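Peer 1: structure, please.
(one chain, ligands or ions: 3)
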Amino acid sequence: MASSDVPESVQRFIEYLRIKTVQPTPDYASCTLFLRRQAEEIGLEFSVTECIAGKPIVVLTLPGLCPSEPSIILNSHTDVVPVFPSSWTQDPFGGARVADGADHRIYARGAQDMKIVGMAYLEALRAFRREGTRLRRTVHAVFVPDEEIGGHEGMELFVERDEFRRLNAGFALDEGMANPADELRVFYGERAPCWVKFVARGNAGHGSQFIEDTAGERLHRVVGRMLAFRSEQLELLRRPLDAGGLRTLGDVTSTNLTLLQAGVQHNVVPAEAMAGFDIRMTPNVDYAGFRRWLQQVADEERVELEFVQFWADNTMTPREGAFWAAFEGALGQLATAYRCEIFPAATDSRYLRRAGVPALGVSPLCGLPILLHDHDEYVRESDYLRAVDFYRCVVKALANAE
Ligand SMILES: CSCC[C@H](NC(C)=O)C(=O)O
Ligand SMILES: [Zn+2]
Ligand SMILES: [Zn+2]
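Peer 2: Ligands and ions are numbered 1, 2, ... in the order given. So this is what the prediction gives:
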């Protein structure tokens with residue numbers, strides 16, 4: 001593939017896409033070797049921290065002129081989600097470059113989420129080195145494992161380590177989401193995941209009888225109340241704001257029934273039934289009060305409640321101060337229209353923000369369908385080249401912020 005008419009930066013992007021860092025068995029070893037080679041080529045410092053064996057956090061560093069100033073973190077995750085190859089028109093790990101008018105599409109799992117961002121960071125640092133551009137602050141490109149499965153053995157542990165403290169981070173960029181419209185989505189906070197299981201127990205017996213007070217009836221009432229709450233929030237999402245304009249998904253709390261388990265055979269009334277919900281709490285929710293309400297529902301319906309995950313931190317990145325001004329200034333320079341939002345799902349930014357490092361979630365992909373986690377994930381070559389220019393401008397502004 002690597003023919004001479006393909007820009008070298010694109011060849012490197014395709015090489016990264018071909019590394020099978022796919023969950024649940026990501027090839028992190030090959031990924032680390034690739035990143036080490038990038039560091040050597042560009043002339044960046046290189047370090048690897050394994051909070052858990054086999055789960056490398058790789059840091060490539062461009063030292064600044066004022067190394068004691070708080071640094072800039074450019075974060076990206078190296079893992080990607082699984083694929084259903086039969087639903088793809090291209091090899092999901094081939095990095096096929098397919099003509100699209102005067103442009104090309106590059107197909108691969110991770111093309112949008114988020115290998116394009118990781119490689120665009122490195123290409124921006126490569127350009128600084130090549131041009132001899134010196135920045136005030138040190139910049140660390142951080143490549144973390146396992147974001148796609150919650151980051152529990154990646155960023156969540158890393159922010160507790162001395163290796164992280166020594167980075168002396170003052171500000172971070174992390175992942176966002178493509179926007180089919182021509183507007184950059186800037187995520188300054190995110191909804192908190194609350195994953196619960198309601199377990200109902202009741203009378204068992206023969207399926208031909210009217211057994212009283214069964215697990216199914218109890219669970220049915222719980223599910224009804226949860227889905228009523230879901231409808232309220234969906235209605236709120238569709239209602240315009242008092243100040244005008246529309247709410248986005250990040251502004252409301254969503255609920256989905258994602259797990260259901262009960263029964264052994266048709267004519268046996270089961271003694272136990274379980275329903276699991278994926279709830280995402282918008283940051284203005286009183287988390288403790290919401291948790292109490294869930295417990296109240298469980299108690300009133302006489303079922304057990306298990307919290308599988310309850311993230312109770314809603315730290316948001318302030319849209320003021322020197323870093324924000326530098327970021328906004330760079331967008332102005334690029335003439336990029338943008339809007340600020342709460343990210344609907346969970347990213348590693350939540351660990352950074354809780355650790356006191358303000359983070360913005362940004363994907364430089366505009367005018368492109370949202371294909372993260374979808375079949376036939378792709379970006380256009382022009383998107384990638386623009387992403388490199390985007391980070392050259394934004395990183396320069398952040399790293400030179402006074
Ligand atoms: C809660 S841990 C799982 C993380 C995952 N993040 C994304 C971006 O899909 C999610 O929100 O489901
Ligand atoms: Zn991602
Ligand atoms: Zn993802």
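
Peer 1: going by C-alpha atoms from here, please, whenever you check contacts or count neighbours.
Peer 2: Will do.

Peer 1: show me where pLDDT drops low in the chain?
Peer 2: Scanning the chain with the threshold set as pLDDT under 70 gives 1-4.

Peer 1: what strand or helix carries A120?
Peer 2: Following DSSP states H and E, one finds A120 within helix 116-131.

Peer 1: those helices in the stretch 1-150 of the chain, which residues are they?
Peer 2: Per DSSP state H, counting those that start in this stretch, the stretch 1-150 of the chain carries helices over the ranges 8-17, 28-42, 116-131.

Peer 1: which positions within the longest one qualify as buried?
Peer 2: Okay, so that is helix 116-131. Within helix 116-131, the residues that count as buried by 16 or more other CA atoms under 10 Å are I116, V117, G118, M119, A120, Y121, L122, E123, A124, L125, R126, F128.

Peer 1: got the angle between it and helix 28-42?
Peer 2: Here helix 116-131 runs at 20 degrees with respect to helix 28-42, directions being taken by axes from the mean of the first three to the mean of the last three CA atoms, to 10 degrees.

Peer 1: distance check, the most centrally placed residue in the chain against ligand 1.
Peer 2: Central residue of the chain (CA atoms, centre = their mean): T347, 3.5 Å from the mean position. Computed with CA to the nearest ligand atom, to the nearest Å, the distance linking T347 and ligand 1 is 5 Å.

Peer 1: which residues does that residue contact?
Peer 2: T347 makes contact with E147, G150, E175, E190, according to CA atoms under 8 Å, 6 or more residues apart in numbering.

Peer 1: those residues of the stretch 251-400 of the chain touching ligand 1, which are they?
Peer 2: A345, A346, T347 (CA under 6 Å from any ligand atom).

Peer 1: now, those that are in strands?
Peer 2: Among these, no residue falls in strands (DSSP state E).

Peer 1: let's have those residues in a markdown table, adding distance to L33.
Peer 2: A markdown table is the format used below for those (distance: CA to CA, whole Å):
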| residue | distance to L33 |
| --- | --- |
| A345 | 30 |
| A346 | 28 |
| T347 | 25 |
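
Peer 1: closest one of those to V223?
Peer 2: The shortest approach to V223 among these belongs to A345, at 22.3 Å (CA to CA).

Peer 1: so what's the residue count around that closest one?
Peer 2: By other CA atoms under 10 Å, 13 other residues sit near A345.

Peer 1: in contact with A387, which residues?
Peer 2: Per CA under 8 Å, 6+ apart, neighbours of A387: I116, V117, A120, P364, L365.

Peer 1: which one among the residues you listed gets closest to ligand 1?
Peer 2: The closest of those to ligand 1 turns out to be V117 (CA to the nearest ligand atom; 14.1 Å).

Peer 1: how many neighbours does P63 have?
Peer 2: 17.

Peer 1: what of D27?
Peer 2: For D27, the count of nearby residues is 17 (other CA under 10 Å).

Peer 1: report the separation between it and E40.
Peer 2: Distance of D27 to E40, computed by CA to CA, to the nearest Å: 21 Å.

Peer 1: which parts of the stretch 101-250 of the chain are strands?
Peer 2: All strands of the stretch 101-250 of the chain, identified by DSSP state E, counting those that start in this stretch, fall at 103-107, 139-144, 169-175, 184-190, 192-201, 205-206.

Peer 1: output the ones you listed as JSON lines; include the columns distance to ligand 1.
Peer 2: Shown next, in JSON lines, are the strands of the stretch 101-250 of the chain (distance: least, CA to the nearest ligand atom, whole Å):
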{"stretch": "strand 103-107", "distance to ligand 1": "20"}
{"stretch": "strand 139-144", "distance to ligand 1": "13"}
{"stretch": "strand 169-175", "distance to ligand 1": "8"}
{"stretch": "strand 184-190", "distance to ligand 1": "9"}
{"stretch": "strand 192-201", "distance to ligand 1": "5"}
{"stretch": "strand 205-206", "distance to ligand 1": "38"}
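
Peer 1: now the ones you listed in JSON lines, with mean neighbour count and distance to E304?
Peer 2: Putting those into JSON lines (neighbours: other CA atoms under 10 Å; distance: least, CA to CA, whole Å) gives the following:
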{"stretch": "strand 103-107", "mean neighbour count": "21", "distance to E304": "46"}
{"stretch": "strand 139-144", "mean neighbour count": "25", "distance to E304": "36"}
{"stretch": "strand 169-175", "mean neighbour count": "23", "distance to E304": "36"}
{"stretch": "strand 184-190", "mean neighbour count": "24", "distance to E304": "28"}
{"stretch": "strand 192-201", "mean neighbour count": "22", "distance to E304": "5"}
{"stretch": "strand 205-206", "mean neighbour count": "14", "distance to E304": "21"}
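
Peer 1: dump those strands to JSON lines, plus distance to P270.
Peer 2: Shown next, in JSON lines, are those (distance: least, CA to CA, whole Å):
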{"stretch": "strand 103-107", "distance to P270": "47"}
{"stretch": "strand 139-144", "distance to P270": "44"}
{"stretch": "strand 169-175", "distance to P270": "44"}
{"stretch": "strand 184-190", "distance to P270": "39"}
{"stretch": "strand 192-201", "distance to P270": "9"}
{"stretch": "strand 205-206", "distance to P270": "8"}
